[in-house]
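Asker: Next one to model:
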Amino acid sequence: MSLKQILQRHLIENMIQSVRAKSEEYVVLVVDAHTTRILSSCCRMYDIMETGVLVLENLSLTREKLDLSAIYFISNTQESVRAVINDFSHAKPQYAAAHLFFTGRVSSEHMKQIGAEPKLVKRIKTFQELNVDFIALESRVFTFGGDTNAIKNLYMSTNQVLEKELATTAQQLVSVLLTLNEYPYIRYHTKSRQSLTKGLAVLVEDEMKKKVSQLKDWKQNDSRERGTLLIVDRSLDPVAPLMHEYTYQCMINDLLKVNGELCRLPIESAQELKSDDSEEATGELVLSEDDSLWVEMRHFHIGQVLHDVTAKFKEFKGTSVVAKLQADNESASVKDMITAMKEMPKYKDMMKKYAKHVSLAQACMSKFEKKKLKNLGELEQDMATGLTDNGEPVMEKNMKEQLVKMCQSPEVSVLDKLRLLMIYIISQSAIQEATRKELMKAIDTRLQKAVLGLDKLGVDLAISKKKNRPKHNKSRLAEFEKRAKTIPMALMRYVPILHQVISEFCNYSLSEEEFPYNQPPPADYGKRKTKVRGTRGPRNWRGKDAKEEAKEDTRPYFIVFMLGGVTFSELRSMYELAENAKVNLLIGSSSVLRPAEFIRQLACLNTKQFHKAVQASAGKHDDNDELPDINPKDKDEGSDDDRD
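Answerer: Numbers count the residues shown, from 1 in each chain. Model (predicted):
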């Protein structure tokens, strides 16, 4: 089962079905902003309504009073707790009864507030901490969907803010483990900044022990060997969030406007899609794992996507009865017409999918050409790997000349210049201060803080006195050389450091000196054989046994957690390794970082300030298409920068 399926089953069986088992024929499901994201990450409306939920309601909105029991699925926030209390503070309550389910731990303060409301207390039929405080972003990916300033909180804030960030992260990470029925061994990266990973490893271990002692019915899945949780942080590889990636999902999230599963096409691309008689007339397209074409192609190089989607489209039209009937309806038989009518819904659905992916791929290529990413990407690859596309060492003089030329070009956008400069500083072990200031003089001072913020991730900003310091270790150089010679796709020489770490992690060959265990496993750990065995399938939502035998995956979990945000390129690497090595691999983080978002966080700016800083910089802005949408909470929000 994918992570989405596991979370869906947990919510439906342990929340909705557990309430309906108490003779509740129909119920209302009430959610807040955070739990809406959790629920929508794993369930569609059909899945929810099939369980006996009569209506799904938003806690923050005015709702009709109903004489039904309500399931409240909410987060432990003052806003949500206050709203629930308000529902039962009037003469006529909002609902007949309340079943309260929280995503995670309920604070003592909120317990007191609820307990002090007798009108609410007498109508509470269930009170439970579900331990599901995470979002199943993809089948193998989870995020926490909370604070978008994780980098600032981890590397640039007071100890009090840091401790709160780590404590919250530990609780959310434990909720993932409890949902998976997994009590893993924990490893961490010893070279992380401020020993962040060790600190989180200890907190997760302590929180897990506490939760297991409290949850009498919870137990580790004894059908599989205990898995391992590996904790790393963003300082492991500060280059990866800055590189332009030329695989499909990475390009979409870098070059187009994306909000969750919705991607907004540029105006010209949206108009072309509309002219294709598509229902996606708004230009907003859904990027979901419900779309088989998206799942198949999201990690392909953009060149392969353009080729494959065109070829698949031609093949589909060549075998479709509907397409043949449209081409020649005069010679069609009655049988052909009946077959075409039956096939019509599928035909329309597939035509929409092909039109969507053609439009998305073409929009990415249009941005690629408009932003002149071929030359820019070559320079990025040269700097990050130290090798040309032929596998030859890069001439440092030529690389510097190219960098200066790009940073001074009016054709290169402000953020792309910043990304180039930051990649150079990280990969080439710093830069002369005078050169850095000269290259940044056209960039707003607020954005320049992002370059200086690299110091917090362990990057040397000043030229080191140590001469001939190697820029890459031997294994990294060998990987770059291999890819330069064997990967046929352009601009794909760079490999995230996490790729090599996960590969060794899953092969039980990861250095225990650099990545020690919090508590060492048995001597024979990793040497036992695991298998997939048949079991009785789960009961469906109507209470009947599944007819088909399900396959239970008994392979141990390998779970990787990246403090500070993971990148789409690292997600792609994880999927490749999971498929090639046939391992049960998951990856998670506080969020998935896009390049502009990484720069914003390093500069310690809120979203509104970030927009203004980019617009105030001299040079090309690319119509702000590369910028994240303004968060409504940021519109009037100040920051330390304003007060300074």
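Asker: For Gln500, grab the count of nearby residues.
Answerer: Using other Cβ atoms under 10 Å, Gln500 is surrounded by 18 other residues. To be clear about C-beta, it is placed using only N, CA and C from the backbone, and glycine gets the same treatment.
Asker: My read is that it contacts Glu479, right?
Answerer: Yes - Gln500 is in contact with Glu479 according to Cβ atoms under 8 Å; the separation is 6.6 Å.
Asker: what does stretch 2-12 rub up against?
Answerer: Residues outside stretch 2-12 that contact it (Cβ atoms under 8 Å, 6 or more residues apart in numbering): 1, 38-39, 41-43, 47, 51, 73, 130, 132, 134, 136, 138-142, 179-180, 289, 538, 541, 586.
Asker: Narrow those residues to those that are buried.
Answerer: For the contacts of stretch 2-12, a burial check counting by 16 or more other Cβ atoms under 10 Å picks out 38-39, 41-43, 47, 51, 73, 130, 132, 134, 136, 138-142, 179-180, 541, 586.
Asker: Just those: which are in helices?
Answerer: Those of these mapping onto helices are Ile38, Leu39, Ser41, Cys42, Asp47, Thr179, per DSSP state H.
Asker: Would you check which pair of these lies furthest apart?
Answerer: Largest separation among those by Cβ to Cβ: Asp47 and Thr179, giving 16.9 Å.
Asker: show me the contacts for Leu387.
Answerer: Pro393, Val394, Leu477, Phe480, Glu481, Ala484, Arg493.
Asker: Would you mind measuring from it to Leu420?
Answerer: For Leu387, the distance to Leu420 (Cβ to Cβ, to the nearest Å) stands at 17 Å.
Asker: cool, and Met297?
Answerer: Applying Cβ to Cβ to Met297 and Leu420 gives a distance of 29 Å.
Asker: try Arg187
Answerer: To Leu420, Arg187 is 34 Å away according to Cβ to Cβ.
Asker: ditto for Leu256
Answerer: Distance of Leu256 to Leu420, given as Cβ to Cβ: 21 Å.
Asker: and the next element down the chain from the longest helix seen in the chain?
Answerer: Longest helix of the chain, by residue count under DSSP H: helix 334-370. Counting by DSSP states H and E, the element after helix 334-370 in chain order, helix or strand, is helix 373-385.
Asker: I would like the residues contacting the next helix or strand after that next one, please.
Answerer: The element immediately downstream of helix 373-385 (helix or strand, assigned by DSSP H and E) is helix 396-408. With contact meaning Cβ under 8 Å, 6+ apart, helix 396-408 is reached by 375-376, 379, 382-383, 412, 416-417, 420-421, 424, 428, 439.
Asker: Between those, which has the least confident prediction?
Answerer: Lowest pLDDT of those: Gln428, 87.
Asker: Quote the end-to-end distance of stretch 84-94.
Answerer: Using Cα to Cα, to the nearest Å, the end-to-end distance of stretch 84-94 comes out at 9 Å.
Asker: What lies in contact with it?
Answerer: 59, 63, 65-66, 70, 72, 74, 95, 98, 100, 113-114, 117, 119-120, 123.
Asker: Show me which positions of that stretch end up buried.
Answerer: For stretch 84-94, burial by neighbour count (16+ other Cβ under 10 Å) applies to Val84, Ile85, Asp87, Phe88, Pro93, Gln94.
Asker: Nearest to Ser175 among the contacts of stretch 84-94?
Answerer: Ile74 (14.5 Å).
Asker: so what's the closest one up against?
Answerer: Counting by Cβ under 8 Å, 6+ apart, Ile74 touches Val30, Val31, Asp32, Thr35, Leu59, Ser80, Val81, Val84, Leu100, Phe101, Phe102, Thr103.
Asker: Mind doing that once more with 7 Å?
Answerer: Asp32, Thr35, Leu59, Ser80, Val84, Phe102 (Cβ atoms under 7 Å, 6 or more residues apart in numbering).
Asker: Same check on Gly565?
Answerer: Contacts here follow Cβ under 7 Å, 6+ apart; on that basis Gly565 touches Ala150, Ile151, Arg234, Ser589, Ser590, Ser591, Val592, Leu593.
Asker: among those residues, who's most crowded?
Answerer: Ranked by neighbour count (other Cβ under 10 Å), those have Arg234 at the top, with 30 neighbours.
Asker: show me the contacts for that residue.
Answerer: Ile151, Leu457, Met562, Leu563, Gly564, Gly565.
Asker: tell me, how many neighbours does the fourth one end up with?
Answerer: Which is Leu563. When neighbours are counted by other Cβ under 10 Å, Leu563 registers 29.
Asker: so who does the residue nearest to it when sequence neighbours are not counted touch?
Answerer: Spatial nearest neighbour of Leu563, chain neighbours left out: Asp233 (3.8 Å); criterion: Cβ to Cβ, 6 or more residues apart in numbering. Applying Cβ under 7 Å, 6+ apart to Asp233 gives the contacts His189, Ser192, Arg193, Leu196, Thr197, Met562, Leu563, Gly564.
Asker: farthest pair in those?
Answerer: Spatially, the most separated pair among those is Arg193 and Met562, at 13.4 Å (Cβ to Cβ).
Asker: neighbour-wise, which of those two wins?
Answerer: Neighbour comparison, Arg193 and Met562: the larger count goes to Met562, with 25 against 18 (by other Cβ under 10 Å).
Asker: Identify the residues contacting the spatially closest residue to that one that is not a sequence neighbour.
Answerer: The spatial neighbour of Met562 that comes closest, neighbours along the chain excluded (Cβ to Cβ, 6+ apart), is Ser589 at 4.3 Å. By Cβ under 7 Å, 6+ apart, the residues touching Ser589 are Thr143, Phe561, Met562, Gly565, Val566.
Asker: same deal with Ala581?
Answerer: So Ala581 contacts Cys506 (Cβ under 7 Å, 6+ apart).
Asker: Give the burial count for Lys582, as a bare number.
Answerer: When neighbours are defined as other Cβ under 10 Å, Lys582 has 10 of them.
Asker: Tell me if I'm right that Leu491 and Gln381 touch.
Answerer: Yes - if you go by Cβ atoms under 7 Å, Leu491 and Gln381 touch, sitting 5.8 Å apart.
Asker: Which of these two has more residues huddled nearby?
Answerer: More crowded of Leu491 and Gln381, by other Cβ under 10 Å: Gln381, with 26 against 22.
Asker: Now do the same contact list for the closest residue to the more buried one other than its chain neighbours.
Answerer: Residue nearest to Gln381 in three dimensions, not counting chain neighbours: Arg493, with 4.8 Å by Cβ to Cβ, 6+ apart. Applying Cβ under 7 Å, 6+ apart, we find Arg493 in contact with Gln381, Thr385, Leu387, Asp389, Phe480, Arg483, Ala484.
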